[in-house]
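Asker: quick one, fold the following:
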Amino acid sequence: MGLLTIIRNQKRKDKEIRMLVLGLDNSGKTTIVKNMFQEDVDGISPTMGFQIQSLSYRDYTINMWDIGGQTSLRAFWSNYFDKTDVVLWVIDGVSVERVQESYQELHDKIIEQDRLVGVYLVIAINKIDLVAKSELKQLKDKVSKLLSLEEVIPERDHWNIELVSGKTGDGIEQVLQWVITREY
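Answerer: Purely as a prediction, here's the structure:
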């Protein structure tokens, strides 16, 4: 039994999950995290650097690393990869013109990184409170098609896409539920 197997078995026993919260600047990463903690989501400023918080959810402890998404900070994301179980990638659902940039950053800085092989990925399309309900399925389909995750991550149980609103909390429960049901 290797050291990595021992560490994973201990984490599974302790029910601890390490989650990186990443995405482009202004996608709403911190708003989603604050909503998970039922904190005030008004007046949030851009994250400079990172913030660490531990969320007790069901019988799990989810250690969240909310890392800034400004262009100048993206080169440092890899400094946080060690012992990561899941990446929550946040996309601004009303800034569809930035989905291509988001895809490129996700692909280059996350999916293609050897240190993240086997890590689970959940995509949160945020700000759905600003999108007409009749357009939500179309938005999810469009983002899904642009990201083409089924081509780059063939293990379908290793990724998921959810529609969320950091402001209202819609969809956040589904994200957390998906995270805790993975096999770490």
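Asker: how far away is Arg58 from Glu101?
Answerer: Applying Cβ to Cβ, to the nearest Å, the value for Arg58 to Glu101 is 35 Å. The C-beta positions use only the backbone N, C-alpha and C, and glycine is treated the same way.
Asker: ok, Leu176 next?
Answerer: As judged by Cβ to Cβ, Leu176 and Glu101 stand 27 Å apart.
Asker: more neighbours: those two, which one.
Answerer: Set side by side, Leu176 and Glu101 show unequal neighbour counts under other Cβ atoms under 10 Å, the larger going to Leu176 at 21 against 12.
Asker: next helix or strand past the helix or strand bottoming out on mean pLDDT in the chain?
Answerer: Of all regular secondary-structure elements in the chain, judged by mean pLDDT, DSSP states H and E, the least confident is helix 3-14 with a mean of 61. Downstream of helix 3-14, the first helix or strand assigned by DSSP states H and E is strand 16-23.
Asker: which helix or strand contains the residue most central in space within the chain?
Answerer: Closest to where the C-alpha atoms of the chain average out (Cα atoms, centre = their mean) is Leu88, at 0.9 Å. Remark: Leu88 resides in strand 86-92, with elements defined by DSSP H and E.
Asker: how far away from the center of its chain is that strand?
Answerer: 3 Å (Cα atoms, centre = their mean, to the nearest Å).
Asker: same deal with stretch 90-110?
Answerer: 12 Å.
Asker: what lies in contact with it?
Answerer: Applying Cβ atoms under 8 Å, 6 or more residues apart in numbering, the contact partners of stretch 90-110 are 21-24, 26-29, 32, 74, 77-78, 87, 89, 116, 121, 123-128, 130-131, 139, 142-143, 146-147, 152, 163.
Asker: dump the residue contacts of the residue nearest to the centre of the chain.
Answerer: Contact criterion Cβ under 8 Å, 6+ apart gives Met19, Leu20, Val21, Leu22, Lys29, Ile32, Met64, Val122, Ala124, Val175, Val179 as the residues in contact with Leu88.
Asker: now do the contacts for the last one.
Answerer: Spelled out, it's Val179. Each residue near Val179 by Cβ under 8 Å, 6+ apart is listed here: Ile17, Met19, Ile62, Val86, Leu88, Tyr120, Val122.
Asker: tell me the angle the helix or strand hosting it makes with strand 86-92.
Answerer: Val179 is part of helix 172-180 when elements are defined by DSSP H and E. Taking axes from the mean of the first three to the mean of the last three Cα atoms, to 10 degrees, one finds that helix 172-180 is oriented at 150 degrees with respect to strand 86-92.
Asker: assign Arg182 to helix, strand or coil.
Answerer: Secondary structure of Arg182, reduced to three states by DSSP: H, G, I helix; E, B strand; the rest coil: coil.
Asker: ok, it to Gly28 distance?
Answerer: Between Arg182 and Gly28 the distance is 23 Å, computed by Cβ to Cβ.
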